[in-house]
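A.B. asks: 3D model of this:
(2 chains)
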Amino acid sequence: MIKIEINKKLHGSNGEMILHVNLHIKQGDFVALSGQSGSGKTTLLRILAGLEDASGDIDVFGTKWLDGKKKLPPQERGIGFVFQDYALFANMTVMQNLLYVQKDEKLANHLLELTELSELKNRYPNTLSGGQKQRVSLCRALMKRPKILLMDEPLSALDPDMRTKLQHDILTLHKEFGTTTIMVSHDPSEIYRLASRVLVLEQGKITQDGTTKEILLHTKGSQKFTFSGELLEIIKADVIYIAVVAIGQQIVEIVVDSHEVKNFTIGQRVQVSTKAFSPSLS
Amino acid sequence: MNDLNFEPFFLSFRLAATVTFILFLIALPLGWWLSQTKNRFKPVIEAIVSLPIVLPPSVLGFYILYALSYNSPFGSFMNEYFGIKMVFNFTGLVIASCFYSFPFMVQPLQGGFETLNKNMLEASYIAGKGKIKTLLHVALPNIKPALLTALIITFAHTVGEFGVVLMVGGSIPNETKVASVAIYEYVEIMDYKSAHIYSAIMVALSFLVLLGVYMFNQHQNRKLRVI
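C.D. replies: Got it, this is the predicted structure:
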């Protein structure tokens, strides 16, 4: 069991706020950390890695990582960390990147095989594509056979096809190594595919905590389809108004009554819902 | 041409090589520390390091001359207990040049370390490696252009110094008479021919060194920019 109870004052883009998290995570769980930018997700991850100071208590499988203000240095935590920008050692080949962490050629070869990188093991990071770099970074993070794997938006810089491939790799490695994984992510489909538990952070506090289905599936129980989106524009067309809403990557138009219009402001989050008795896939 | 003596050049290069070596050992940990620290006294240290750039060489030379001479507690202590004299000899030149060229070694190194991807260093810490191992295996190999700039500029700057060497070293042949001082003396005794030859050699050598640095840096940058 990982027990986390921390406090830290943050100077975010929205002024000062307190990151206050009280959380238990079961061994072997895959936890997704979600929330708007500036909500403290990355900071929480960095505190877990020992890269940032905080006060409070972190207990990982019986070992104190944070005790008041006294912290165990990142070198002694034995974790794996995957950065958004890969952070590979540019002066070392793929193989050397892995062996720098742990001189275990057998494990390095095994990891490279699992991620289909064996042929690239003598290449330097600068000659690899983004997806390849992130796979190397993932392998590197597992070279110590970490109990805990932390990932900070590992796939956000990659295109959709590469994401799917890497999601598969992440899941394979999470299962094979039995890690407890905590991943910061914004992408609901990614979270749905990988995580078993979702935490939503807002202004430094956890506001939602549940299984992936509980948090992400909005149609549960009713036959209502609900989508959350951003109101982009309201256009007047004769006697009616048309609201333009961005839902994920899609832009849709919705008819709005004239007396409803004044309730909305451009840029706000809105819920778009409809009754759908027999939606079909094609 | 037949009586042209190249000893001042050899002396200049010997001095520059010694100073570059010593300063590298001092500036490496300092530049690394300055690039990583959040200490509130960092600006004070940075200001002190940069002082030799703005001070007139005569001011620097005067203080160093005083500090190293028998008139200062330090100078008399070194002489009495170790029998080391530090003015008007090569040792004095090395000490004075180390002060004079210090910022030229520290600043490029610090700048290089500051441009490194912070996550790369953190990845090394997470991999269980300490600060020194990270410095030698990750940070230093990834700032090669800055490292070369630091070494070459320090070397070249030491070869090119004049005021401080003259004040601390004087002009003793084969001991403290470096190339820049030799040229000054040729001009003073109106031996313009020798001054011309010495000066032309200095210009050519300096140009070649700088050309080499910039060519190497261009090559490195191209290599890093692949994809």
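A.B. asks: centre of the chain versus the lengthiest helix in chain B, how much separation?
C.D. replies: Scanning chain B for the longest helix, with DSSP state H as the assignment, gives helix B:192-224. Mean-position distance between helix B:192-224 and its chain equals 17 Å (CA atoms, centre = their mean, to the nearest Å).
A.B. asks: just stretch A:184-204 next, same as before
C.D. replies: 6 Å.
A.B. asks: endpoints of that stretch, how far apart?
C.D. replies: 14 Å (CA to CA, to the nearest Å).
A.B. asks: what are the buried residues along that stretch?
C.D. replies: A:184-185, A:187-188, A:190-191, A:194-195, A:197-201, A:203-204 (16 or more other CB atoms under 10 Å in any protein chain shown). Yep, even glycine has a C-beta here, placed from its N, CA and C like the rest.
A.B. asks: which one of these is nearest to chain B?
C.D. replies: Lowest distance from chain B to the buried residues of stretch A:184-204 (CB to the nearest CB) belongs to residue A:184, with 14.0 Å.
A.B. asks: phi, psi of the closest one?
C.D. replies: The phi/psi pair for residue A:184 (degrees, to the nearest 10) reads phi -80, psi 130.
A.B. asks: quick one: it and residue A:43 touch, right?
C.D. replies: No: judged on CB atoms under 8 Å, residue A:184 makes no contact with residue A:43 at a distance of 10.3 Å.
A.B. asks: which strands or helices does the one helix or strand residue B:49 maps to pack on?
C.D. replies: Using DSSP states H and E, residue B:49 maps to helix B:42-54. In this structure, helix B:42-54 makes packing contacts with helix B:7-36, helix B:90-115, judged by 3 or more CB pairs under 8 Å, 6 or more residues apart in numbering or on different chains; DSSP states H and E.
A.B. asks: go through these and pick out the most buried.
C.D. replies: Comparing those by mean neighbour count (mean count of other CB atoms under 10 Å in any protein chain shown), helix B:90-115 comes out on top with a mean of 22.
A.B. asks: does any part of that one sit near chain A?
C.D. replies: No: applying CB under 8 Å from any CB of the partner chain, one finds helix B:90-115 out of contact with chain A, separated by at least 12.2 Å.
A.B. asks: how far does that helix sit from its chain's centre?
C.D. replies: 4 Å.
A.B. asks: so what secondary structure elements neighbour it?
C.D. replies: Partner elements for helix B:90-115 (3+ CB pairs under 8 Å, 6+ apart): helix B:7-36, helix B:42-54, helix B:57-68, helix B:144-160, helix B:163-169.
A.B. asks: let's have those helices in JSON lines, adding mean pLDDT.
C.D. replies: Below are those laid out as JSON lines (pLDDT from 0 to 100):
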{"stretch": "helix B:7-36", "mean pLDDT": "94"}
{"stretch": "helix B:42-54", "mean pLDDT": "94"}
{"stretch": "helix B:57-68", "mean pLDDT": "91"}
{"stretch": "helix B:144-160", "mean pLDDT": "91"}
{"stretch": "helix B:163-169", "mean pLDDT": "89"}
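A.B. asks: want to throw those helices into a markdown table with distance to residue A:29?
C.D. replies: Output for the helices and strands packed on helix B:90-115, formatted as a markdown table (distance: least, CB to CB, whole Å):
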| stretch | distance to residue A:29 |
| --- | --- |
| helix B:7-36 | 35 |
| helix B:42-54 | 42 |
| helix B:57-68 | 63 |
| helix B:144-160 | 43 |
| helix B:163-169 | 65 |
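A.B. asks: what does the longest strand belonging to chain A rub up against?
C.D. replies: If you go by DSSP state E, chain A has its longest strand at strand A:224-237. The contact list for strand A:224-237, computed with CB atoms under 8 Å, 6 or more residues apart in numbering or on different chains, reads A:218-219, A:241-248, A:251-252, A:256, A:261, A:264-276, A:279.
A.B. asks: could you pull out the helices for chain A?
C.D. replies: Under DSSP H, chain A gives helices at A:41-49, A:94-101, A:105-114, A:130-141, A:160-177, A:188-194, A:212-216, A:258-261.
A.B. asks: closest to chain B out of those?
C.D. replies: From the helices of chain A, taking CB to the nearest CB, the stretch that ends up closest is helix A:94-101, at 4.1 Å.
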